[in-house]
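Chemist: structure, please.
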Amino acid sequence: MGALLIAFVVIAVVFFFLILFVIGQYNQLVTLRNRFKNAFSQIDVQLKRRYDLIPNLVETAKGYLKHESSTLEAVIQARNAAQSAGGRAAANPGDPQAMRELGGAEAGLSGALSRLMVVAEAYPDLKANQNMMQLTEELTSTENKVAFARQAYNDSVMTYNTKRELFPTNLIAGLFQFLAAELFQVDSAEERQAPKVSFT
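Modeler: A predicted model of the protein is given here:
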C-alpha cells in the first residue's frame, strides 16, 4: 500500500507541475499577443492622423490644381481605401488577410500622394502656400511616426511568432488556437519609399 501511495504522490506532483507549465506558457502567449495588438494600435493612431491630414492637403491643393482633378480624386480614393483597410486591420491585427490588405492599401495611398506631390511641384504658388507647407510638414512627421510604429509592431509580431513556434510552446499554441500574426510590410521597393512631401 505504501508503494502505491508514493507512486500516486509522484504522479500528482508531476501532473501539478505540468499544469503549472501549461498555464505559464499560455499566459506568456497571451501577453505577447496583447503586446503586438497594442503595438498595432500605435500604428492605427498615426494612420488616422495621416488620413485626417490628407483631405486638408487635397482641399488646399484643389484651388491651384484645377486641371489635375483626376490626381486629387485618386488621392481621396486611395485614402478611403486605406482607411477602410485600416479599420479591418484594427479590428483584428492578428488577421493575416487584413494586414496584407492594409499593406496594399497603404502602398496605393503612398503612390497617390507621391503623384500629387510631383504634380504640385509644377505650381510655384502652391509650393509657396503657407497652409500647404504646414500640411506637408505634418504629413512628413506623421509618415516618420508610422514607420517607427510599424517597426515596433513588427518586432512584437516577430517575438510572438517565435514564441508560438518554439517547442514545447508550439503544442500549447496549437491546443489553444494561438495563430500566427502577420507582419505589416510593404512588398515592392518603390512602395517602401515614403511619399516625398517636401517643398524646399
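
Chemist: top helix in the protein by residue count?
Modeler: helix 2-62 (DSSP state H).

Chemist: quick one: distance of it to the chain centre.
Modeler: In this view, helix 2-62 has its centroid 16 Å away from the chain centroid, taken as C-alpha atoms, centre = their mean, to the nearest Å.

Chemist: what's in contact with the next helix or strand after it?
Modeler: Going down the chain from helix 2-62, the next helix or strand is helix 69-91, by DSSP states H and E. By C-beta atoms under 8 Å, 6 or more residues apart in numbering, the surrounding residues in contact with helix 69-91 are 40-41, 44, 47-48, 51, 54-55, 57-58, 61-62, 65, 95, 98-99, 101-102, 104-106, 108-109, 111-113, 115-116, 119. C-betas here are computed from N, CA, C, even on glycine.

Chemist: can you check stretch 10-22 too?
Modeler: residue 172.

Chemist: for it, the averaged confidence score.
Modeler: Mean pLDDT, computed over stretch 10-22, is 95.

Chemist: what's the answer for stretch 90-107, then?
Modeler: Stretch 90-107 shows a mean pLDDT of 92 in the predicted model.

Chemist: tell me the buried residues in it?
Modeler: 90, 93-95, 98-107 (16 or more other C-beta atoms under 10 Å).

Chemist: of these, which is the nearest to residue 155?
Modeler: The shortest approach to residue 155 among those belongs to residue 93, at 13.8 Å (C-beta to C-beta).

Chemist: helix/strand/coil for the closest one?
Modeler: Look at residue 93: counting by DSSP: H, G, I helix; E, B strand; the rest coil, its state is coil.

Chemist: what's near enough to touch it?
Modeler: 36, 37, 40, 41, 99, 153, 181.

Chemist: could you turn the buried ones of these into a PyMOL selection?
Modeler: Buried subset of these, written as a PyMOL selection, criterion 16+ other C-beta under 10 Å:
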select buried, resi 36+37+40+99+153+181
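
Chemist: export the contacts of residue 93 to CSV and tack on distance to residue 163?
Modeler: CSV is the format used below for those (distance: C-beta to C-beta, whole Å):
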residue, distance to residue 163
36, 11
37, 15
40, 17
41, 20
99, 19
153, 16
181, 11
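
Chemist: what helix or strand is residue 142 located in?
Modeler: helix 130-165.

Chemist: which elements pack onto the following helix or strand past that helix?
Modeler: With elements assigned by DSSP H and E, the helix or strand that comes after helix 130-165 is helix 169-175. The contact analysis (3 or more C-beta pairs under 8 Å, 6 or more residues apart in numbering; DSSP states H and E) places helix 169-175 against helix 2-62, helix 130-165.
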